[in-house]
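> Quick one: sequence and predicted model below, then my questions.
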2 protein chains.
Amino acid sequence: MARGRATSADVAKLAGVSRTTVSVVLTDRQDIHISPATRRRVFDAAERLDYHAHAPARQLAAGTSLTIGLVLRQSSEQVAGDALLGETLRGVTAAARAGGYRVLVEALPPGTGGYEEIVRSRQTDGIIVSGPRADDVALSNLARDDFPVILQGWLPRLNLPSVDVDNRAGARAAVELLVRQGHRSIGCITNAPLAYTAALERLSGYREALEASSIPFDPDRVVEAEFDAASGYRAMRTLLDRSPGCTAVFVASDVVAFGAMGALRDGSRRVPEDVSVVAFDDIPLAAYFDPPLTTVRIPAFELGQAAGQALLDRVVGRPVAARTLLPTELVVRASAAPPPVPARAVGSPTGR
Amino acid sequence: MARGRATSADVAKLAGVSRTTVSVVLTDRQDIHISPATRRRVFDAAERLDYHAHAPARQLAAGTSLTIGLVLRQSSEQVAGDALLGETLRGVTAAARAGGYRVLVEALPPGTGGYEEIVRSRQTDGIIVSGPRADDVALSNLARDDFPVILQGWLPRLNLPSVDVDNRAGARAAVELLVRQGHRSIGCITNAPLAYTAALERLSGYREALEASSIPFDPDRVVEAEFDAASGYRAMRTLLDRSPGCTAVFVASDVVAFGAMGALRDGSRRVPEDVSVVAFDDIPLAAYFDPPLTTVRIPAFELGQAAGQALLDRVVGRPVAARTLLPTELVVRASAAPPPVPARAVGSPTGR
DNA sequence: GTGCTTGGCTGACGCGCGTCAGTAACGCGC
DNA sequence: GCGCGTTACTGACGCGCGTCAGCCAAGCAC
C-alpha cells in the first residue's frame, strides 16, 4: 500500500488539478507558470500520498535515463590493488549527483563483455570507461555509433574524449627531483606492462627527465612490474642484479614501490641512504611507509569528478575537450635524498 | 539512425510477425511455444536492425527494474582507506550479473541523504546498505515500509537481514594465537569508534579470547583508533604510554596497524621481537609489511557476493537469513611471535 | 461431418509519465 | 463592445514494451 504506489493521477485527483499540472509542478518547469496556491496544493497532495514518480515511466516518457554508467575494465588484480578506486568512484558519483544523475557500475574484467548493452538499451545516457584496452571491440563499436563515451585513461587510436592524470609530467617531476638531488644512475620500475598507456606515459616522463639533464637512457635500468607489491619485489631484485650501481629508483606506483622497498631491505640497502625511491599515486598509506614515501599525488577524487562532468557535458551536447589532463603534485617526504658517495653537484639542476 | 532506434515493431515488421511474438521470442519465455522457424526469423531481424530493447520501457511494462542499489554510507575517509572496497564491489556486481541484474551505486557520506529515492521511485528493486548507521532515519523508514534492504554490516535494532563477516570470531582467533604464543599482556587498538558495530564486535572477540584464558580484561589496554594509519600511530603512542608492559597488540585493522607499527618503530620497539602485532582485514599490502603482517583475512569478494545474492533472494521473495556471518581466516605471517622474556608456556593453549 | 483439443500466433490494452496544442477566464486599451 | 494579449490550466497523445484473452487452422476421435 505504502510502497510508492500512488501515481501522479492520484496526486492530481487529491489536489483537484490535472495530471499535467502535477507533472509541471513536480518537475519544476520554469517555462510554464502555475500559481503559488495551486503549486502548494500539489506539493501537499504529493506529500500526503507519499508520492514518488516512477523512474522508468519518467525515463520512457522523457527519453532520458538520468543515469550514467561507470565501466571498470581493469583486471581483478588491478581492482583489488587500486587503493584509489574508492576516491575516484566518489568523484564520479559526486559529479553525477550535482547534475541530477545516478551512476550504474559495471565491473567487467577484460574478456567478459556486454557492457555496451547498458547504453544501447538506453539504461544509461552515456558511460565512462575506466582502464580501457585497445583491443576492446565493444568500445570501438560504441565510438563508431557516436554514443557518449568518456575514457578514463587514454587510448591512442580511438577518437573518444579522455580524462586522465598527467602521467608524463608527474613522472618527469619525480625524476627531476632525483636529478636535482644529484642522482645520475636512476632506475625505473614501471607500474604495469607497457601495453598500458599509463605505464608508457610514466616511462616517457622518466626518459624526458633524463634527457633534459643529458643523462643517457639505459634500457637495462627499466624493469616492468604489474600492479602489485609482489611484482615490485621481483622487479627490484632484477634491477639490483642488472644495475647494482643505481643510487635511485623511480617506481611508477606506490603499491609496487612497497614491494620494491621490501626487496631493498632484503638486499640490505637502506632507503634513502643507499637507494632513493620516488613513486607515483600517493595512496593513503604512503605517508606511513618506512621511510615515508616521496611520491606523485594523483587527485583521485577530482579525476572521477572530471570524468563525470565531461560525460554530463557530452550527454547534453556541450563541447568536451578531446583530452583533459589533470595536474599531479609531487609530495616530498623522506624516501629520496642525495646519493651516498661523492654527490656531484648537489643542489644544481644538472651536473653540466 | 543506428543509435538503438529500432523498436520491437520494426523487428516485427521485418520478421513478418506480430510485436507480441517478438517480445515472446526475445524474452525467451518458456511457457509459450513459438516454432523454431519463426524464432529464427525474429532473431535474424533483430540482429539485422541492431535491435536493443529499450530498458526503461521494459521496466515500465514489466514492473521490475532488474537493478539493485549499493549504498555506501561510509564517511569519505573510510571509503578512501577501505582497500577492500573494490573487491566487495566486484562481488556485488558478480552476484547481480549472475541473476541478470545491474548495480546502481550511491556513495553518500552520512548526513547527506536521498538514497531512499532510488528504491521508492522503483529505479532499483532493492538496495544493499553498506556501513549503515543506527541514526539513519531513511533506513528505518525503508524498513517500516518493507522495502527490500540488505545490510552489509550490522545494526542491532533494525529488523533487516544482514550479511557480514564474523568479526567476533575473527578477532577471537587472532587474540587466541597471541595467547597460544604465550602472551599475557595484550593490548587492543580498535579499527574505529565503538559506535561502529564492527569495531565493537572485534573488541568483543578480543575480550572473549582473554576470558577464555582467564586473562583479566584491562580497559586501559584498549585504545580507539579511527580508520586510518594516522589514528593508529596516535593510538599506539597512547597505548605505549598507558601500558608499556604490553608484549602484544591486537589491531583491528591492517591500515590502522600500519600506523601503529610506525609508532612502535619510532618508540624503538621491534616487531615481533619486542611487541607482537596481529591485525584484521588482510589487505593486499599486508604480506609486504615489515615484518609481514599476521592478520585475519576478510573474504571481501565473497562478502559482496553474499550480500548481492541475499538481496536478489529477498527481491524475488525467497527466504533470507536474518543474519549471515561469513567465516574469516587467520593468515599467519611474521608479525607475531612468542614474547621476549621468560616466555611462559610457549605452545600450550593457555597458561593455566 | 461434428466436436474437441492443441500449437502457433495476434490484437488490443495498460504500465506511469512528459508534453504540446488548445481552452477558458480575465484584464486592458481604445 | 471589440480585439488582443496573458495567465492558468487541461485533454489527449505517445513513449516502447509485456501480456492476456482470443483467434485460426490443423489434427484427431467418433
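Arrived safely.

> Okay, and A:A94 sits in which element?
Using DSSP states H and E, the element containing A:A94 is helix A:85-98.

> What is that helix packed up against?
strand A:67-72, strand A:102-107, helix A:300-316, helix B:76-81, helix B:85-98, strand B:102-107 (3 or more C-beta pairs under 8 Å, 6 or more residues apart in numbering or on different chains; DSSP states H and E). To be clear about C-beta, it is placed using only N, CA and C from the backbone, and glycine gets the same treatment.

> who touches the residue in the stretch 251-352 of chain A that chain B sits nearest to in this structure?
Taking C-beta to the nearest C-beta, chain B has its nearest neighbour within the stretch 251-352 of chain A at A:Y288, 4.3 Å off. By C-beta atoms under 8 Å, 6 or more residues apart in numbering or on different chains, A:Y288 lies in contact with B:229-230, B:233, B:258-259, B:262.

> all helices for the stretch 201-350 of chain A, in order.
For the stretch 201-350 of chain A, the helices defined by DSSP state H, counting those that start in this stretch occupy A:229-242, A:254-266, A:300-316.

> looking at those helices, which is buried most?
Ranked by mean neighbour count, the helices of the stretch 201-350 of chain A are led by helix A:254-266 with a mean of 25 (mean count of other C-beta atoms under 10 Å in any protein chain shown).

> helices or strands next to that one in the packing?
strand A:186-189, helix A:229-242, strand A:248-251, strand A:276-281.

> Would you format those as TSV with distance to DNA strand D and mean pLDDT included?
Conversion of these to TSV gives the following (distance: least, C-beta to the nearest atom of the strand, whole Å; pLDDT from 0 to 100):
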stretch	distance to DNA strand D	mean pLDDT
strand A:186-189	51	98
helix A:229-242	46	96
strand A:248-251	51	98
strand A:276-281	44	98
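
> Turn those into a markdown table, including distance to A:V316.
Shown next, in a markdown table, are the helices and strands packed on helix A:254-266 (distance: least, C-beta to C-beta, whole Å):
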| stretch | distance to A:V316 |
| --- | --- |
| strand A:186-189 | 42 |
| helix A:229-242 | 42 |
| strand A:248-251 | 41 |
| strand A:276-281 | 33 |
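
> Tell me which of the ones you listed sits nearest to A:A12.
Shortest distance between A:A12 and those, using C-beta to C-beta, is found for strand A:276-281: 54.6 Å.

> Residues in contact with that closest one: which ones?
With C-beta under 8 Å, 6+ apart as the criterion, strand A:276-281 contacts A:83-84, A:167, A:170-171, A:174-175, A:177-178, A:181, A:183, A:191, A:202, A:247-257, A:260-261, A:264, A:271, A:286, A:293-298, A:335-337, A:339.

> follow-up on the earlier one: which one, of the helices and strands packed on helix A:254-266, ends up nearest to A:R58?
strand A:276-281 (40.7 Å).

> Starting from that closest one, tell me which strands it pairs with and how they run.
strand A:248-251 (parallel), strand A:294-297 (parallel) (DSSP bridges).

> What residues does chain A have near DNA strand D?
For chain A, the residues in contact with DNA strand D (C-beta under 7 Å from any atom of the strand) are A:16-21, A:24, A:32-35, A:37-38, A:60-61, A:63.

> Of the residues you listed, which qualify as buried by neighbour count?
A:17, A:21, A:24, A:34, A:38, A:60 (16 or more other C-beta atoms under 10 Å in any protein chain shown).

> bridging residues for A:F280?
Applying DSSP bridges, one finds that A:F280 bridges with A:V296.

> can you give me the strands for the stretch 101-250 of chain A?
Assigned by DSSP state E, counting those that start in this stretch, the stretch 101-250 of chain A shows strands spanning A:102-107, A:126-130, A:149-152, A:162-165, A:186-189, A:222-223, A:248-251.

> okay if I get those strands as a markdown table plus mean neighbour count and distance to B:L142?
Compiled in a markdown table, these are given as follows (neighbours: other C-beta atoms under 10 Å in any protein chain shown; distance: least, C-beta to C-beta, whole Å):
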| stretch | mean neighbour count | distance to B:L142 |
| --- | --- | --- |
| strand A:102-107 | 24 | 17 |
| strand A:126-130 | 26 | 29 |
| strand A:149-152 | 26 | 32 |
| strand A:162-165 | 25 | 35 |
| strand A:186-189 | 27 | 49 |
| strand A:222-223 | 22 | 52 |
| strand A:248-251 | 31 | 46 |
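
> and A:R73, which of those is closest to it?
Of all these, strand A:126-130 sits nearest to A:R73, with 6.1 Å by C-beta to C-beta.

> I'd like the distance from the closest one to the chain centre, please.
11 Å (C-alpha atoms, centre = their mean, to the nearest Å).

> ok, it: who's next to it in the sheet?
Its sheet considered, strand A:126-130 pairs with strand A:67-72 (parallel), strand A:149-152 (parallel) by DSSP bridges.

> Please save the CA atoms from it in PDB.
Output in PDB follows, covering the C-alpha atoms of strand A:126-130 (Å, rounded to 0.1, in the frame of the first residue of the first chain):
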ATOM      1  CA  GLY A 126      26.400   7.600 -21.500                       C
ATOM      2  CA  ILE A 127      29.400   5.700 -20.000                       C
ATOM      3  CA  ILE A 128      32.800   6.300 -18.500                       C
ATOM      4  CA  VAL A 129      35.200   3.500 -19.400                       C
ATOM      5  CA  SER A 130      37.900   3.200 -16.900                       C
END
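
> What lies in contact with that strand?
The contact list for strand A:126-130, computed with C-beta under 8 Å, 6+ apart, reads A:68-74, A:88, A:92, A:115, A:118-119, A:136, A:139, A:142, A:147-153, A:307-308, A:311, A:314-315.

> switch the cut-off to 7 Å
With contact meaning C-beta atoms under 7 Å, 6 or more residues apart in numbering or on different chains, strand A:126-130 is reached by A:68-74, A:92, A:118-119, A:139, A:147-153, A:307-308, A:311, A:314-315.

> Likewise for stretch A:212-227?
The contact list for stretch A:212-227 (C-beta under 7 Å, 6+ apart) reads A:77-78, A:81, A:179, A:184, A:187-194, A:203, A:207, A:210, A:231-232, A:235, A:238-239, A:242-243, A:246, A:256, A:350, A:352.

> Tell me which residues touch A:V71, please.
Neighbours of A:V71 in contact, by C-beta under 7 Å, 6+ apart: A:106, A:108, A:115, A:127-130.

> Could you give the bridge partners of it?
A:V71 has these beta-bridge partners by DSSP bridges: A:E106, A:V129.

> distance of it from B:T124?
To B:T124, A:V71 is 19 Å away according to C-beta to C-beta, to the nearest Å.

> Likewise for A:P193?
38 Å.

> Then A:A260?
43 Å.

> before we move on, what about A:I150?
A:I150 is 24 Å from B:T124, by C-beta to C-beta.

> now do A:Y288
38 Å.

> cool, and A:S268?
56 Å.

> So between the two, which is more surrounded?
Neighbour comparison, A:S268 and B:T124: the larger count goes to B:T124, with 31 against 7 (by other C-beta atoms under 10 Å in any protein chain shown).

> quick one: contacts for the nearest residue to that one once chain neighbours are set aside?
Spatial nearest neighbour of B:T124, excluding adjacent residues (C-beta to C-beta, 6 or more residues apart in numbering or on different chains): B:G69 at 4.0 Å. Contact analysis of B:G69 by C-beta under 7 Å, 6+ apart lists B:104, B:106, B:118-119, B:124, B:127.
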